[in-house]
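Peer 1: Pasting the sequence and the predicted model now:
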Amino acid sequence: MTPAKDTSLIASTPSTTHKQRVNWHDAAACAIEIELRDHAAFLQFIREFILGRNNYRIDILIIKKISDRNITKNFAQFFKTYNLIECKGIHSSLTASAYYKTIGYAGLLINQLNSTSSSQCSPLDLSITFLTFRYPRKLLTHLISDRKLTVEKICAGIYHISIETFDIQIIVTQQLPPEENLYLRCLTSDLKDTSLIHRLVDDYTKHQNEDIYIKYMNQLTTANIKTEGEFTMVCEGLFNLFGTSSAEIIAQAKQEARKESETQIRELSLSVEQLSSQIDHLKELLRKNNISFE
């Protein structure tokens, strides 16, 4: 079925549905993977990469399987063998604290790689990308004025930071050219540009049965549901991508949220069971040695 291209904002039937939580990190990860689809054969995407035994996590780690393979995509041309990507939520700003924290994570990653592999990794083998929806004016002012670093605008929406420990770039999604970065450019909770929606409809219809596109569109559609009084104001063009109604899309988002919650509950229950088993084992050891557990 060919999606309609009526992109006007309309009011649907009254709704009592609460605003669903949008997982911007998941949406951004999907968008990046889609943007790099032509190079997927020699790239490995890892989400929520855990650093050692710590609770530190890297939002996205992209590994080039062939280190010297050139990538033509604008934001990936400077990719190294290991590429950390830190994603900020649409309502968050890229701060100096987040900037230096990620640099610290990059150092930990190098240490982890060198301790588990015979080949040695150096800062030259690693890049850092910050994905943000807002232009980080305070951070860049700090880097230029206080650190005396050079910030160069490589192309629309992409800023490269020179004379830093690692190769670092900042991507401001709202400044990216839609003709090259359609899925990143559309990451917004206020998608009203009809030309962008038309382009998104055209491309999505070619891939609408692929899981990563469905996940991206679920998040984007959820983000663009706005409640005013008793009516839900939506961008109808997004619903038309699915050939369905707003109620069905909201129900689908709810179902995904429930699945995520159930998974977290199962993992928590398993941890409790393991802890209980360990306590029972400890009690038995104490009993055998005539030691009181109290």
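Peer 2: Everything's here; your move. Residues are numbered from 1 along each chain as shown.
Peer 1: pLDDT on stretch 44-56, on average?
Peer 2: Taken as a whole, stretch 44-56 carries a mean pLDDT of 88.
Peer 1: quick one: contacts of that stretch?
Peer 2: 26, 29, 32-33, 57-63, 65, 105, 108-109, 112 (C-beta atoms under 8 Å, 6 or more residues apart in numbering). For glycine as for every other residue, the C-beta is placed from the backbone atoms N, C-alpha and C.
Peer 1: Do you have the strands of the stretch 151-294 of the chain handy? List them.
Peer 2: Remark: strands assigned in the stretch 151-294 of the chain by DSSP state E, counting those that start in this stretch are 158-162, 167-172, 225-228, 231-235.
Peer 1: low pLDDT regions in this protein?
Peer 2: By pLDDT under 70, the low-scoring segments of the chain are 1-20, 226-254, 256-257, 260-261, 264, 267-294.
Peer 1: so which helix or strand takes in residue 34?
Peer 2: Assigned by DSSP states H and E, residue 34 falls within helix 24-35.
Peer 1: which helices and strands sit right next to that helix?
Peer 2: strand 43-50, strand 57-64, strand 82-87, helix 182-185, helix 211-223 (3 or more C-beta pairs under 8 Å, 6 or more residues apart in numbering; DSSP states H and E).
Peer 1: possible to save these as TSV with mean neighbour count?
Peer 2: Putting the helices and strands packed on helix 24-35 into TSV (neighbours: other C-beta atoms under 10 Å) gives the following:
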stretch	mean neighbour count
strand 43-50	14
strand 57-64	20
strand 82-87	23
helix 182-185	22
helix 211-223	21
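Peer 1: now for the ones you listed, which one comes closest to residue 176?
Peer 2: Nearest of the helices and strands packed on helix 24-35 to residue 176, taken as C-beta to C-beta: helix 182-185 at 4.8 Å.
Peer 1: That closest one: how far from the chain's middle?
Peer 2: Centre-to-centre, helix 182-185 and its host chain are 13 Å apart (C-alpha atoms, centre = their mean, to the nearest Å).
Peer 1: Going forward, count from 770.
Peer 2: Sure, I'll start numbering at 770, so the last one becomes helix 951-954.
Peer 1: Run through the helices of this structure in chain order.
Peer 2: 793-804, 865-885, 906-914, 951-954, 963-976, 980-992, 1005-1011, 1015-1057 (DSSP state H).
Peer 1: Surely residue 936 is in contact with residue 847?
Peer 2: Yes - counting by C-beta atoms under 8 Å, residue 847 is a contact partner of residue 936 at 5.8 Å.
Peer 1: what touches both of the two?
Peer 2: By C-beta under 8 Å, 6+ apart, the residues touching both residue 936 and residue 847 are 896, 929.
Peer 1: count of neighbours near residue 973?
Peer 2: 22 (other C-beta atoms under 10 Å).
Peer 1: do you know how far it is from residue 798?
Peer 2: 17 Å (C-beta to C-beta, to the nearest Å).
Peer 1: And residue 942, by the same measure?
Peer 2: Taking C-beta to C-beta, one finds residue 942 at 13 Å from residue 798.
Peer 1: Likewise for residue 890?
Peer 2: Taken as C-beta to C-beta, the span from residue 890 to residue 798 is 23 Å.
Peer 1: of the two, who's got more company?
Peer 2: Taking other C-beta under 10 Å, residue 890 and residue 798 do not tie; residue 798 has more neighbours (23 against 17).
Peer 1: what sits against the more buried one?
Peer 2: By C-beta under 8 Å, 6+ apart, the neighbours of residue 798 are 814, 816, 828, 829, 856.
Peer 1: again, only this time at 10 Å
Peer 2: 792, 814-817, 828-829, 854, 856, 900, 981, 984-985 (C-beta atoms under 10 Å, 6 or more residues apart in numbering).
Peer 1: Please apply the same query to residue 870.
Peer 2: Residue 870 touches 825, 855, 864, counting by C-beta under 10 Å, 6+ apart.
Peer 1: Closest to residue 838 out of those residues?
Peer 2: residue 855 (23.5 Å).
Peer 1: Pull up the gap between the residue lying closest to the closest one once chain neighbours are set aside and residue 956, please.
Peer 2: In this structure, residue 855 finds its nearest non-sequential neighbour in residue 871, 4.7 Å apart by C-beta to C-beta, 6 or more residues apart in numbering. Per C-beta to C-beta, residue 871 is found 20 Å from residue 956.
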